[in-house]
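Novice: take a look and give me a structure for this.
(one chain, ligands or ions: 1)
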Amino acid sequence: MRQQPLLIVDNLNVAVSTPHGMNHTVHNVNLKLEAGKVLGLVGESGSGKTMTCMSLLNLLPEKAEVMQGNIKFKDIDLLNCPTEDMRKVRGSEIALIMQNPMIAFNPVRTIERHFIETLRTHLTVTKRQARKIAVDFLGEMDLPNPESVLKQYPFQLSGGMLQRVMIAITMSLNPSVLIADEPTTALDATNQLQVLKQLDKLRKEYNTGILLVSHDLGVIAQLADEVAVMYGGYIVEQAPVLELFNHPKHPYTRVLLESRLGLTRRKMKSEKQVNVSRPNLIHSENACPFIERCGDADHTCLSYNLEFIEYKKDHLVRCVKSR
Ligand SMILES: Nc1ncnc2c1ncn2[C@@H]1O[C@H](COP(=O)(O)OP(=O)(O)OP(=O)(O)O)[C@@H](O)[C@H]1O
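Specialist: Model prediction:
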């Protein structure tokens, strides 16, 4: 039986102010995340993944703005939540880990200082209690010799170790939701596997709901229960992970899967061919966002109104050809 989602994103639209007007970067995004589940958000650079995540935390860049939509976490309306309440939600209820953990650490402070200060900002604990929690959580993340890790400075640890320290700090606050934005992109294969293993442990042992953002379907495949594929600011396909891998319906999802498998049958125009360096987000209002790069596109894709089609239960696709 399905449980009540922890996080519900309903019709999210985000735009960035540019000298030429508002550039709509996220369109009509709907997401649901349940406790203990992993929702994968996959798409190439510029597809709107980070903008979606930052909207959840009210951390959009200065020029970006939520134009429309609702974001509900438990019973809290996140888009209309007072700044002070949002500060409490951030970190202790909804936590974020990013691609490059080094950015999150102050290079002249030890891991111990980072850990203790973060814990004492959010929880009423003594230094000694905070230290004990730090040692326990570093151990939970399978970091060898937590006592010595605490004494290190960030630059003394490998990227993979630092990412696991970041996860340990984040999880010591016991958030209900973890947003992991490209958590393994900067890591080598061994460290990537370690970090994914730890994230899996979090959802199983702490019942954390994880929004896992990646441009790599391979990473998503290892952890996600459900996948949303983003292109040009739209979710173009959404389905349970096995269903998506076995029956991809959107041409972009197929390209992603085939490139992962090293197959090159499917036609997709390169960025150079369509003369854009990123997906063209400014397109005819009713056209499919993938039209310029899709090998299967024809005139029907121009007048498509971008509604989701329910291919089957829980499998939604935004492609007129999938009807
Ligand atoms: N600070 C910003 N100011 C203006 N436009 C931005 C800003 N950040 C992102 N954008 C634009 O918003 C769109 C979505 O970007 P976003 O960062 O969400 O994509 P992404 O899928 O997370 O890509 P990446 O993996 O490269 O971060 C892009 O077209 C990008 O150019």
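
Novice: what's the burial count for Leu157?
Specialist: Residues contacting Leu157 under the criterion other C-beta atoms under 10 Å number 19. Glycine gets a C-beta too; all of them are placed from N, C-alpha and C.

Novice: wait, His299
Specialist: Neighbour number of His299 under other C-beta under 10 Å is 6.

Novice: helices of the stretch 201-323 of the chain, residue ranges please.
Specialist: 217-223, 241-246, 251-260 (DSSP state H, counting those that start in this stretch).

Novice: by contact count, what packs against the second one?
Specialist: Using 3 or more C-beta pairs under 8 Å, 6 or more residues apart in numbering; DSSP states H and E as the contact criterion, the elements in contact with helix 241-246 are helix 217-223, strand 226-231.

Novice: buried residues, it. List them.
Specialist: 241, 243-245 (16 or more other C-beta atoms under 10 Å).

Novice: what residues does it touch?
Specialist: By C-beta atoms under 8 Å, 6 or more residues apart in numbering, the residues outside helix 241-246 that reach it are 40, 220-221, 224-227, 229, 237, 253, 257, 312, 314-315.

Novice: which residues touch Glu93?
Specialist: Contacts of Glu93 (C-beta under 8 Å, 6+ apart): 73-74, 175-177.

Novice: from those residues, which two are the most distant?
Specialist: Farthest-apart pair in the contacts of Glu93 is Lys74 and Pro175; separation 11.9 Å (C-beta to C-beta).

Novice: comparing the two, which shows the higher neighbour count?
Specialist: A count of neighbours by other C-beta under 10 Å puts Pro175 above the other of Lys74 and Pro175, at 22 against 14.

Novice: quick one: Pro154 and Arg113 touch, right?
Specialist: No - at 10.7 Å, Pro154 does not count as touching Arg113 under the criterion of C-beta atoms under 8 Å.

Novice: what parts of the stretch 51-200 of the chain come near the ligand?
Specialist: With the criterion set to C-beta under 6 Å from any ligand atom, the stretch 51-200 of the chain comes near the ligand through 51, 61, 63.

Novice: rerun at 8 Å
Specialist: For the stretch 51-200 of the chain, the contact set with the ligand under C-beta under 8 Å from any ligand atom comprises 51-54, 61-64, 181-182.

Novice: neighbour count and secondary structure added to those residues, as CSV?
Specialist: Output for those, formatted as CSV (neighbours: other C-beta atoms under 10 Å; DSSP: H, G, I helix; E, B strand; the rest coil):
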residue, neighbour count, secondary structure
Met51, 22, helix
Thr52, 27, helix
Cys53, 20, helix
Met54, 19, helix
Pro61, 10, coil
Glu62, 7, coil
Lys63, 11, coil
Ala64, 19, strand
Asp181, 19, strand
Glu182, 20, coil
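
Novice: and which of those residues is nearest Phe308?
Specialist: Once C-beta to C-beta is applied, the member of these that ends up nearest Phe308 is Thr52, at 16.4 Å.

Novice: that closest one and Thr124: what is the separation?
Specialist: Remark: distance between Thr52 and Thr124 (C-beta to C-beta, to the nearest Å) = 34 Å.

Novice: what do you get for Leu150?
Specialist: Distance of Leu150 to Thr124, computed by C-beta to C-beta: 21 Å.

Novice: more neighbours: which of these two?
Specialist: Taking other C-beta under 10 Å, Leu150 and Thr124 do not tie; Leu150 has more neighbours (20 against 7).

Novice: doesn't the more buried one belong to a helix?
Specialist: Yes - counting by DSSP: H, G, I helix; E, B strand; the rest coil, Leu150 is part of a helix.

Novice: how much space between it and Asp10?
Specialist: As judged by C-beta to C-beta, Leu150 and Asp10 stand 42 Å apart.

Novice: so for Ser92, what's the pLDDT?
Specialist: Turning to Ser92, the model gives it a pLDDT of 83.

Novice: thought it was touching Leu178?
Specialist: No - counting by C-beta under 8 Å, Ser92 sits too far from Leu178 to count as a contact (11.9 Å).

Novice: what is the neighbour count of Lys32?
Specialist: So Lys32, with other C-beta under 10 Å, has 19 neighbours.
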